[in-house]
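Visitor: predicted coordinates and the sequence they were generated for:
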Amino acid sequence: MTVTVAAAERLIRIGEVARGAGVSVRAVRYYEQQGLLIPERSPSGQRLYRQDAIPLVRFFQQMFAVGLTSRRIAELLPCWDSGHTDAEQRAMLRAERERIAAKIDDLQAALDRLDEVIAITDTHP
């Protein structure tokens with residue numbers, strides 16, 4: 001798709017997206033390959049993204065960090081884009097939330113155990 005942009009909407013290059021989101025250019029390309037991010041193209045073929053690509057890439061990073069797959073993230077995108085969900089999407093969102101909450105509980109338990117070990121070792125040099 002070639003860019004025909006309104007003057008009010010400034011498109012940004014892949015490097016700006018990567019820097020703004022705190023990821024590598026390679027990561028942005030990966031999201032594109034996975035169908036999660038769709039750039040426009042300049043007349044010379046350069047990838048150009050809307051400004052909202054930066055928070056979207058941050059969202060991808062967060063979802064990958066908690067164990068979601070590219071496929072699952074792709075299923076979430078309509079929810080992100082429209083703000084609306086159907087019953088199946090809401091069930092999936094709730095299931096993912098429960099899974100993440102359980103992971104947080106496990107991480108908190110591990111953190112508590114580490115705190116115990118630190119406390120013991122602090123009193124016994």
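Guide: Here it is on my side, so go on. Numbering: from 1, shown residues only.
Visitor: so what's residue 85 up against?
Guide: Residues touching residue 85, when contacts are defined by CB atoms under 8 Å, 6 or more residues apart in numbering, comprise 78-79, 93. Using the backbone N, CA and C atoms, a C-beta is placed for each residue, glycine as well.
Visitor: report pLDDT for it.
Guide: pLDDT for residue 85: 84.
Visitor: next one: it from residue 92, what distance?
Guide: The span separating residue 85 from residue 92 equals 9 Å under the rule CB to CB, to the nearest Å.
Visitor: how about low-confidence regions in this protein?
Guide: Counting by pLDDT under 70, the chain contains low-confidence ranges at 1-8, 125.
Visitor: if you set the cut-off to 50 instead, what comes out?
Guide: Judged against pLDDT under 50, the low-scoring parts of the chain cover residues 1-8.
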